[in-house]
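> Below is the structure, and that's it, no one-letter string:
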């Protein structure tokens, strides 16, 4: 007797229920399922899930997400570097081939000196946030939450994410700061939103004819100022809280043509 290969009604219902269940998964559900099967560090795992929260995708049904939706959502992210970071995280967490912007290497030649930037923010309501980047080398998220202070040493270990949550800083370490700044920071309440401080610093720069001024530029000036003051590479690495001195020297120290001319003139004087 030939066996009937027709699927039974109960089996069809089971398949349909399973399909509906799969379609009702949120983006967070999908991400957790995918990432749990990968041998990644805990910090990387949290970083991927943080992108979902920041972009408001954690509770969105995965069935509503596609390349176009994610691409349009990423266009709301204000900076190219952050947009690229989120695109990479989405590809890893959700498996959706969202376009990833190419990395862009900005030119930081001829950065304004510290005194000029200090004047830019002296009367700004975001003065202490900008100074936290300019005189302590903090990243934006680190400047938006309270760090421990011991004398004139700030122990940086926390950061505020764009979604408002506070987590471990990208890199932790002790940073020596000027005594006057330490006293002001002791009285300072840094708890503000990521976006509010970013926009405030950009606006202050535009008012003073520096439309390219961002929090990250202030951190670059912090590093370059240390080098110009004669800081040893290891001092620079520790102040910047980098694991490798090559990062400090390769990405945060900038030499202009004027600097090169001065060195050549000193090495080969007329005569």
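All right, it came through fine. On a predicted model such as this, the values are computed, not experimentally measured, just so you know.
> after the helix or strand bottoming out on mean pLDDT in the chain, next one along is what?
One helix or strand of the chain scores below all others by mean pLDDT, DSSP states H and E: helix 9-23, with a mean of 51. Under the assignment DSSP states H and E, the closest C-terminal helix or strand after helix 9-23 is helix 27-35.
> Show me which residues of that next one are buried.
27, 28, 30, 31, 32, 35 (16 or more other CB atoms under 10 Å). Every residue, glycine included, has its C-beta placed from N, CA and C.
> how about the second one, what does it touch?
Read it as residue 28. Applying CB atoms under 8 Å, 6 or more residues apart in numbering, we find residue 28 in contact with 49, 52, 57, 58, 59.
> Ok, the fourth one next?
With contacts defined as CB under 8 Å, 6+ apart, residue 31 is in contact with 48, 49, 52, 93, 94.
> let's see 6 Å
residue 93 (CB atoms under 6 Å, 6 or more residues apart in numbering).
> Domain map for this protein?
Per automatic domain parsing, the structural domains of the chain span 17-94, 114-262.
> tell me the mean pLDDT for the longest one?
Spelled out, that is domain 114-262. For domain 114-262, mean pLDDT rounds to 88.
> can you offset everything so residue one is 6?
Happy to do that; since the first residue is 6 now, the last one works out to domain 119-267.
> Return the distance of it from the chain's centre.
Taking CA atoms, centre = their mean, to the nearest Å, one finds the center of domain 119-267 at 13 Å from the center of the full chain.
> Ok, the shortest one next?
From the chain centre to the centre of domain 22-99 is a distance of 17 Å (CA atoms, centre = their mean).
> secondary structure class for residue 163?
strand (DSSP: H, G, I helix; E, B strand; the rest coil).
> how close does the closest residue to it other than its chain neighbours get to residue 132?
Of all residues not flanking residue 163 in the chain, residue 150 sits nearest, at 5.1 Å (CB to CB, 6 or more residues apart in numbering). According to CB to CB, to the nearest Å, residue 150 stands 17 Å off from residue 132.
> Compare the two (neighbour count), which wins?
Legend: neighbour count by other CB atoms under 10 Å for residue 150 and residue 132, higher for residue 150 (21 against 17).
> Quick check: phi and psi on the closest residue to residue 32 other than its chain neighbours?
Nearest residue to residue 32, sequence neighbours excluded (CB to CB, 6+ apart): residue 62, at 4.5 Å. Residue 62 adopts backbone torsions of phi -100, psi -10, taken as degrees, to the nearest 10.
> what about residue 62, how many neighbours?
Residue 62 has 23 neighbouring residues, counting by other CB under 10 Å.
> what do you get for residue 143?
28.
> for it, what are its contacts?
By CB under 6 Å, 6+ apart, the neighbours of residue 143 are residue 137.
> That one sits in which helix or strand?
Under the criterion DSSP H and E, no helix or strand holds residue 143.
> The one 4 residues further on too?
In the assignment (DSSP H and E), residue 147 maps to helix 145-148.
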